[in-house]
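> Following is a predicted model, sequence given first.
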Number of protein chains: 2
Amino acid sequence: MAITKRADDYSQWYLDLIFQAGLAENSAVRGCMVIKPTGFALWEKMQAALDRMFKETGHVNAYFPLFIPKSFLAKEEQMAEGFAKECAVVTHYRLKAIPGQGVIVDPEAKLEEELIVRPTSETIIWNTYKNWIQSWRDLPLLINQWANVVRWEMRTRLFLRTAEFLWQEGHTAHATASEAEEETRRMVEVYRQFAEEYLAMPVLVGPKSEGQKFPGAIYTLCIEAMMQDGKALQAGTSHFLGQNFAKAFDVQFTNAQGQREYAWATSWGVSTRLIGGLIMTHSDDLGLVLPPRVAPLHVVIVPIFRKEDEKLAVYEAAHTLAKSIREHPRSAWLNYEPITVKVDDREQHQPGWKFADWELKGVPIRIELGPKDLEKKTCVIARRDIPGKEGKQMGIPLEGAAQYIADLLPQIQRALFDKAKKFRDAHLRTANTYDEFKQMIEEPGFIWAHWDGQRQTEELIAAETKATIRCIPFDRPIEQGKCMVTGAPSHGRVIFARAY
Amino acid sequence: MAITKRADDYSQWYLDLIFQAGLAENSAVRGCMVIKPTGFALWEKMQAALDRMFKETGHVNAYFPLFIPKSFLAKEEQMAEGFAKECAVVTHYRLKAIPGQGVIVDPEAKLEEELIVRPTSETIIWNTYKNWIQSWRDLPLLINQWANVVRWEMRTRLFLRTAEFLWQEGHTAHATASEAEEETRRMVEVYRQFAEEYLAMPVLVGPKSEGQKFPGAIYTLCIEAMMQDGKALQAGTSHFLGQNFAKAFDVQFTNAQGQREYAWATSWGVSTRLIGGLIMTHSDDLGLVLPPRVAPLHVVIVPIFRKEDEKLAVYEAAHTLAKSIREHPRSAWLNYEPITVKVDDREQHQPGWKFADWELKGVPIRIELGPKDLEKKTCVIARRDIPGKEGKQMGIPLEGAAQYIADLLPQIQRALFDKAKKFRDAHLRTANTYDEFKQMIEEPGFIWAHWDGQRQTEELIAAETKATIRCIPFDRPIEQGKCMVTGAPSHGRVIFARAY
């Protein structure tokens, strides 16, 4: 089955690709997805890289309860507004099997206080930190959690917006505001580095507007990516929470001068939504395209033969080649993991079918190996990121093939980033008037525009154009101007877009 | 603070140790624990080793929904009986913030069908497999999931029995009964190997009795360990599920002969309960004792000095030594991970305090390094598993210290296993009459006894003695005898014990 072309129906292309590449599917539970093995292997690669980066920046992992007492959500005012809405609520703790009638909820097993399935864990974690933080010597507390969370979304889309999703949430406590702000900035930089260097996904980095920040944060920093349809994807956020949660849960410590103070907080997270972002950044009408640093499988070897007597020699050469690639010296670039290779020995399929299948699944490099290649002691190497003849190199000597591949993988990684960045930059435009903006927003891409910094102006623009402020990039040019809507002064343009 | 001695109060010792070593604590949510960074690091080591073993046996990871529709639990009769009891039930999907009154459950947001927080995932997974399995070519399906699960336990104990816990659950589908049975056996063997070779925890391996098997299984294989108080801990189970779930969820495939058949199933799991088992197998009155293969930190170096002018030289030597240990050639035995070392540079504490602190935390090797050692270019190496002078080696040359430690770690691992096995074997006794059994069961340990294979006999024994059949070991001697209760014939003894 071919997948829908992006130009014909972008949304359907996305769903077709996920389904046919076997990444995920909807489950029997409304809004909850099943992450299939191929999709989960991608998440494992992302997790491993992120986890290493978190540990290198001094963080440790821990695990906090899935459930949050209902009253906790009401303790931090903004949280109650922002999150105490679409939540899964546990009200009972027992079922009763009634013979012939099935299973019913036991009315006698009602909880005194309802429990919420965590939509995010600030409240339960800060309630715990209360007991962990007594003195400045207990700070900073640099903790991360890998977990599932639930937000009862009404309109879901695989990976991008699901009722349950997987993520990591960092929750740190600090003795001073400046240390916490430094951490907030450090973690958005970790996310930028991960997005750009692992996912090959260029991002804009900077604060969100007041209207778009996390409820309960003083400010939110984000990485924001552009998808191939020109829409924005918020790919990661890092929040400076000030003392809001410390005050809500009474987390005080004795500072070096012996005075009691509230602790300063940050939180930061990325989720399985990144898989959706990865797909929509690089993939094409043939299927998935994966950057080598997060590809679970780097190389597939497709043996080609017509006659039974050619088969043995071709397979033998394929396995010898696979071994030489696997045993190639490991590199820091792949975090000292081996290059992964598979010999496609499915006998029921023809080579052409296999080529298309591996293209669908996004394996970065395909090697074709047949009797004619063997005669010349060479092979054919095809790049997934450049489909067709253009990305095919004939006559690569088998002896040097492992080195060739070790060199090619970083080239592919860079080419994907460069291509995505070129696309992104080509779709970053500038609007000087609101009329111009309203026309431009109907075309794919982000728009630089002047804004007066007022929440109500942003809300008006969103109501009229469905575009929101995605990011106020750290590296935006300083430029005096006037808000395109109100004419009030502005000190620099911000990024508007329609978003996922 | 000293911890309670095992001899004085074993339960309190266990809780004191967990609290003081910083492994876990109870949370604000009844029955749910917080796994603290030190405890979670242990779980990460276990996960990494198990995950590698699962992948080496051909399994892949995936992720299925947290929620299960209530009706699913009723589909498999035994499951409904066994699990549809103490479950967290989600009935609503929205809260409402009422100004001044806090947050209430929105009565208008009631779910049509209640959702259960997964107590185990056979039902939702087999409902999914229905779409994945069409032909014998789709089999076997060898999938594992790392997840949190919830069982509403009334009496909880940290790690051993908590309402929410972390685990892995393997769910495989096969074309034939014999393949599924082979898998059931393969996975209990993986668990045995993990328990014995990583946790240094000797286990008995074999089927459970009918009365103790998993609801919905044809039979359950288990690994069963003895704790230091002589009680049994079920440490891992592997279930042959027959076609029960395939029939309940109508999972049929076309076999090679073109006929439709129901698929054959297994499931298998281990959980954070293993951390409790690890603690109760090796730890002592000084604190945690960790086998090197799952210890997050292998070596701690405690610098010793009196005068400020000694400090610099001692620290320099300590860091040089740490570097040489970290850079020592990696071994397959530690899965090519480096030996981990920390120099304890906390200035507010004396060496004696630090020794006790690292003993409490279970670090396998402590190195003491002071000015006198430096003069002789040696150091002192102390083993955690042999506290006091007996486990201390003086005068180890600094130059050879890394190699000495690389050799010592496997020795410690083996010593811990041998010690635990000696203890276990010394507490494996044999009862020939029920009177003898009733006396013996008041003492710590397992009892070999003859049993007639009847469920009602097992239930009677449990009611009268609180002992259950823990395991029918694969390697039990064939021995004709008579059931100690009924006098009916028995073909071999089984293992009885009181259990966690």
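Everything's here; your move. Numbering: from 1, shown residues only, chains lettered A, B, ... in the order given.
> count of neighbours near A:Ala295?
Each residue near A:Ala295 was counted by other CB atoms under 10 Å in any protein chain shown, and the total is 24. (Glycine included, C-beta is placed from N, CA and C.)
> Verify the stated contact: it with A:Gly362.
Yes. The pair A:Ala295 / A:Gly362 is scored as a contact, 6.9 Å apart, by CB atoms under 8 Å.
> for the stretch 201-350 of chain A, what are the low-confidence residue spans?
The stretch 201-350 of chain A contains no residues with pLDDT under 70.
> Which part of it gets nearest to chain B, residue-wise?
Across the stretch 201-350 of chain A, the shortest distance to chain B (CB to the nearest CB) belongs to A:Gln348, at 7.9 Å.
> okay, the residue nearest to that residue when sequence neighbours are not counted: pLDDT?
What sits nearest to A:Gln348 in space, not counting adjacent residues and going by CB to CB, 6 or more residues apart in numbering or on different chains, is B:Arg137, at 7.9 Å. Confidence at B:Arg137, expressed as pLDDT, is 94.
> B:Arg137: what secondary structure?
With DSSP: H, G, I helix; E, B strand; the rest coil as the basis, B:Arg137 sits in helix.
> and A:Arg326, how many neighbours?
By other CB under 10 Å, 14 other residues sit near A:Arg326.
> give me every residue that touches it.
A:338-341 (CB atoms under 8 Å, 6 or more residues apart in numbering or on different chains).
> among those residues, which are in strands?
With strands defined by DSSP state E, the entries of the contacts of A:Arg326 inside them are A:Val341.
> okay, the contacts of A:Arg326 in CSV with distance to chain B next?
Converted to CSV, those look like this (distance: CB to the nearest CB, whole Å):
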residue, distance to chain B
A:Pro338, 11
A:Ile339, 16
A:Thr340, 12
A:Val341, 16
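> Go through the contacts of A:Arg326 and say which is closest to A:Phe67.
Among those, A:Thr340 lies closest to A:Phe67 (CB to CB), at 38.7 Å.
> Now for that closest one, how many residues are close by?
Residues near A:Thr340, counting by other CB under 10 Å: 17.
> separation between the closest residue to A:Ala175 other than its chain neighbours and A:Ala263?
Leaving out its chain neighbours, the residue that sits closest to A:Ala175 by CB to CB, 6+ apart is A:Leu139, at 4.5 Å. As defined by CB to CB, to the nearest Å, A:Leu139 lies at a distance of 7 Å from A:Ala263.
> How is chain A partitioned into domains?
Domain assignment for chain A by automatic domain parsing gives A:10-88+A:118-282, A:297-408, A:428-497.
> for the record, mean pLDDT for stretch A:399-407?
Per-residue scores along stretch A:399-407 average to 97.
> what's next to that stretch, contact-wise?
A:298-299, A:321, A:324-325, A:327-329, A:331, A:339, A:365, A:367, A:377, A:379, A:381, A:396.
> So what touches stretch A:380-387?
For stretch A:380-387, the external contacting residues (CB under 8 Å, 6+ apart) are A:282, A:284, A:286, A:289-290, A:355, A:358-359, A:362-369, A:373, A:391-396, A:401, A:404-405, A:408, A:412, A:415-416, A:419.
> buried set for the helix or strand hosting A:Arg192?
In the assignment (DSSP states H and E), A:Arg192 maps to helix A:177-197. Buried residues in helix A:177-197, defined by neighbour count with 16 or more other CB atoms under 10 Å in any protein chain shown: A:179-181, A:183-185, A:187-192, A:194-197.
> Closest one of the residues you listed to chain B?
A:Glu183 (16.7 Å).
> Output the helix or strand where A:Leu312 lies as CSV, nothing but the C-alphas.
Assigned by DSSP H and E, A:Leu312 falls within helix A:308-326. Taking Å, rounded to 0.1, in the frame of the first residue of the first chain, the C-alpha atoms of helix A:308-326 are listed here in CSV:
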residue,chain,number,x,y,z
GLU,A,308,19.7,-20.8,-6.2
ASP,A,309,23.4,-21.3,-6.7
GLU,A,310,24.1,-17.6,-6.4
LYS,A,311,22.3,-17.4,-3.1
LEU,A,312,24.9,-19.0,-0.9
ALA,A,313,27.8,-16.8,-2.0
VAL,A,314,25.6,-13.6,-1.8
TYR,A,315,24.4,-14.4,1.7
GLU,A,316,27.9,-15.3,2.9
ALA,A,317,29.2,-12.0,1.6
ALA,A,318,26.3,-10.1,3.1
HIS,A,319,26.9,-11.5,6.6
THR,A,320,30.7,-10.9,6.3
LEU,A,321,30.0,-7.3,5.4
ALA,A,322,27.4,-7.0,8.2
LYS,A,323,30.0,-8.3,10.7
SER,A,324,32.7,-5.9,9.5
ILE,A,325,30.2,-3.0,9.9
ARG,A,326,29.1,-4.1,13.4
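> Pull out the buried positions in it.
By neighbour count on 16+ other CB under 10 Å, the buried set for helix A:308-326 is A:310, A:314-315, A:317-318, A:321-322, A:324-325.
> ok, which residues in the stretch 201-350 of chain A are in contact with chain B?
Residues of the stretch 201-350 of chain A that fall close to chain B, judged by CB under 8 Å from any CB of the partner chain: A:Gln348.
> tell me what the helix holding A:Arg192 is packed against?
Applying 3 or more CB pairs under 8 Å, 6 or more residues apart in numbering or on different chains; DSSP states H and E, one finds that helix A:177-197 contacts helix A:37-56, strand A:164-174, strand A:203-207, strand A:219-226, strand A:232-242, strand A:264-271.
> got the contact list for the fourth one?
The reference is to strand A:219-226. Strand A:219-226 has contacts (CB under 8 Å, 6+ apart) with A:184-185, A:188, A:191-192, A:195, A:201-208, A:212-214, A:232-240, A:277, A:281, A:423-424, A:427-428, A:445-446, A:470-471, A:495, A:497.
> of the residues you listed, buried ones?
A:184-185, A:188, A:191-192, A:195, A:201-208, A:212-214, A:232-240, A:277, A:281, A:423-424, A:427, A:445-446, A:470-471, A:495, A:497.
> I'd guessed A:Gly370 sits against A:Lys307; true?
No. Assessed by CB under 8 Å, A:Gly370 is found out of contact with A:Lys307, at 11.3 Å.
> So if I had to pick from those two, which one is more boxed in?
Ranked by neighbour count (other CB under 10 Å), A:Gly370 and A:Lys307 place A:Gly370 first, with 18 against 7.
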